[in-house]
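Undergrad: pasting a predicted model and its sequence here:
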Amino acid sequence: MNGAQAETAVEILSPRDVPLGGPRAMTVRRTLPQRERSLIGAWCFADHYGPDDVSETGGMDVAPHPHIGLQTVSWLFSGEIEHRDSLGTHAYVRPGELNLMTSGHGISHSEVSTERTTVLHGVQLWVVLPERDRGAAPAFEHYAPRPVPLGGGTARVFLGALAGDASPVATFTPLLGAELTLDPGATVTLAVDPAYEHGLLVDSGDIETAGTRLSPSELGYLAPGGDELTLTNHSDAPARAVLLGGPPLGERIIMWWNFIGRTSEEIVQARADWENGSRFGEVTGYHGDRLPAPQLPNVPLKPRGSAR
C-alpha cells in the first residue's frame with residue numbers, strides 16, 4: 001500500500017467449520033469473529049459456504065430467528081435463497097445482488113434455499129450498528145451492482161466505493177464491500193482509503209497481497225495506512241474474493257448468538273423477549289418452527305474490541 005504494501009503484515013485468519021441453522025444445519029466456514037480479531041471496520045461476522053450440491057447437502061434452511069444491533073449482508077455466487085422477515089418482506093437473494101437487512105432494536109427472519117437451486121455458494125456477513133444507531137428502525141434493502149472492469153478482472157461494489165464505482169446503499173458507518181474476480185495470472189492494483197482496515201476473503205484461486213499468498217477460505221487482514229491494494233492471481237484459472245473494509249469501529253461489543261449489544265443485561269433481555277414472543281414480530285410463510293434461543297453461559301458476557 002502506497003509503496004509500503006510489502007512492509008504491511010497480512011494477518012491470516014483461517015476458517016473454522018460451524019453448523020448453521022439449528023436441527024437442519026448446514027456447515028459454513030467462519031473466519032470472523034475470531035479470538036485474535038473480532039472486527040474489521042464495522043464488519044463483525046463472515047461465513048463462507050459452498051459450492052454445495054444441495055441434492056446431497058439439503059441446502060440452506062434457517063428457521064425464523066431474531067437479531068438486534070446489526071445489519072445482515074447476503075451475497076451469493078450461485079444458487080438462490082428465499083428471505084422472509086417480520087417486516088413482511090418476501091425477497092430472494094440471487095448471485096451478484098445485495099440483500100441488506102437492518103435489525104435495529106429487533107427483527108426476525110428466515111432463509112431457505114429454493115427448489116431452483118442446484119449449487120449453493122456464497123457469503124453471509126454482518127455489520128455492527130454503532131452505538132448512536134443501534135436502535136434504528138428495522139429495514140430491508142436490495143441492490144444489484146453492475147460489473148466494473150479492472151484491467152485484469154472485474155469488481156461488483158455492493159457497499160461503499162471502489163474502482164470508480166459507488167453503491168447507493170446508505171450505511172451507518174463508512175464501509176466497503178465488493179466482489180472481485182481476477183483473470184488467470186492477473187495483477188490488479190486498487191486505490192483504497194488509507195483510513196480503512198481491510199479484509200480479503202478468498203473464495204477461489206491463489207491470491208497474493210502485500211507479499212502474502214492467501215488460499216481459498218482464508219481471510220487476510222490489513223491494517224490502515226496505505227492507499228493502494230495490489231492483488232495477484234497466481235492460479236491458471238479465474239480467482240474470486242470478497243473485499244471488506246472500513247475505519248476501525250472504536251467500540252467494544254458483546255456478540256452472542258444472533259445479538260450484538262453493549263452489556264450482558266441487554267443480551268439477556270433480548271433472549272427473554274425472543275423466548276416469550278415479544279419485540280421481534282412474526283415471520284409469515286415459513287413452514288416449520290422458529291429457532292429456540294440457546295442457553296446463556298453462567299457468567300456475565302464480556303465486551304470485545306477489534307483484537308484480543
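TA: Sure, I can see it.
Undergrad: how many neighbours does the closest residue to Leu150 other than its chain neighbours have?
TA: Spatial nearest neighbour of Leu150, excluding adjacent residues (C-beta to C-beta, 6 or more residues apart in numbering): Val188 at 4.9 Å. Just so you know, the C-beta spots here come from the backbone N, C-alpha and C atoms, and that holds for glycine as well. Using other C-beta atoms under 10 Å, Val188 has 20 other residues around it.
Undergrad: same question for Pro294.
TA: Applying other C-beta under 10 Å, I find that Pro294 has 11 neighbouring residues.
Undergrad: please apply the same query to Leu296.
TA: Quick note: Leu296 (other C-beta under 10 Å) scores 15 neighbours.
Undergrad: can you check Val128 too?
TA: 25.
Undergrad: kindly report the same for Arg37.
TA: Neighbour tally, Arg37, other C-beta under 10 Å: 20.
Undergrad: can you pull out the low-pLDDT segments for the stretch 201-308 of the chain?
TA: 306-308 (pLDDT under 70).
Undergrad: surely the residue nearest to Leu150 is within a strand?
TA: Yes. The assignment for Val188 is a strand, going by DSSP: H, G, I helix; E, B strand; the rest coil.
Undergrad: beta partners of it?
TA: Beta-bridge pairing of Val188, defined through DSSP bridges, involves Leu231.
Undergrad: ok, it - contacts?
TA: Shown in contact with Val188 (C-beta atoms under 8 Å, 6 or more residues apart in numbering): 150-153, 180, 182, 230-232.
Undergrad: go again using 7 Å as the cut-off
TA: 150-153, 182, 231 (C-beta atoms under 7 Å, 6 or more residues apart in numbering).
Undergrad: and the strands in the stretch 151-300 of the chain?
TA: 153-159, 161-162, 165-166, 176-182, 187-191, 197-204, 207-209, 212-214, 219-222, 228-233, 239-246, 254-256, 259-261 (DSSP state E, counting those that start in this stretch).
Undergrad: quick one: closest of those to Gly285.
TA: Nearest to Gly285 among the strands of the stretch 151-300 of the chain is strand 259-261 (23.9 Å), distances taken as C-beta to C-beta.
Undergrad: can you pull up the most central residue in this structure?
TA: Leu125 (1.4 Å; C-alpha atoms, centre = their mean).
Undergrad: now, among the contacts of Val188, which is nearest to Asp203?
TA: Nearest member of the contacts of Val188 to Asp203, counting by C-beta to C-beta, is Leu182, at 11.0 Å.
Undergrad: partner residues bridging the closest one?
TA: Under the criterion used (DSSP bridges), Leu182 bridges to Gly153, Ala239.
Undergrad: returning to what we had before: just flag the most distant two among the contacts of Val188.
TA: Gly151 and Leu231, at 12.1 Å, using C-beta to C-beta across the contacts of Val188.
Undergrad: got the phi and psi for Ala163?
TA: With angles defined as degrees, to the nearest 10, Ala163 sits at phi 50, psi 40.
Undergrad: which residues touch it?
TA: Applying C-beta under 7 Å, 6+ apart, the residues near Ala163 are 148, 150, 155, 157, 190.
Undergrad: of those - the most surrounded one?
TA: Busiest of these [other C-beta under 10 Å] is Val157, holding 25 neighbours.
Undergrad: Arg16: neighbour count?
TA: Neighbours of Arg16 using other C-beta under 10 Å come to 10.
Undergrad: for the stretch 1-150 of the chain, what spans make up the strands?
TA: Under DSSP E, counting those that start in this stretch, the stretch 1-150 of the chain gives strands at 11-13, 16-20, 26-32, 43-53, 61-67, 70-78, 81-85, 90-93, 98-102, 107-113, 119-128, 139-143, 148-149.
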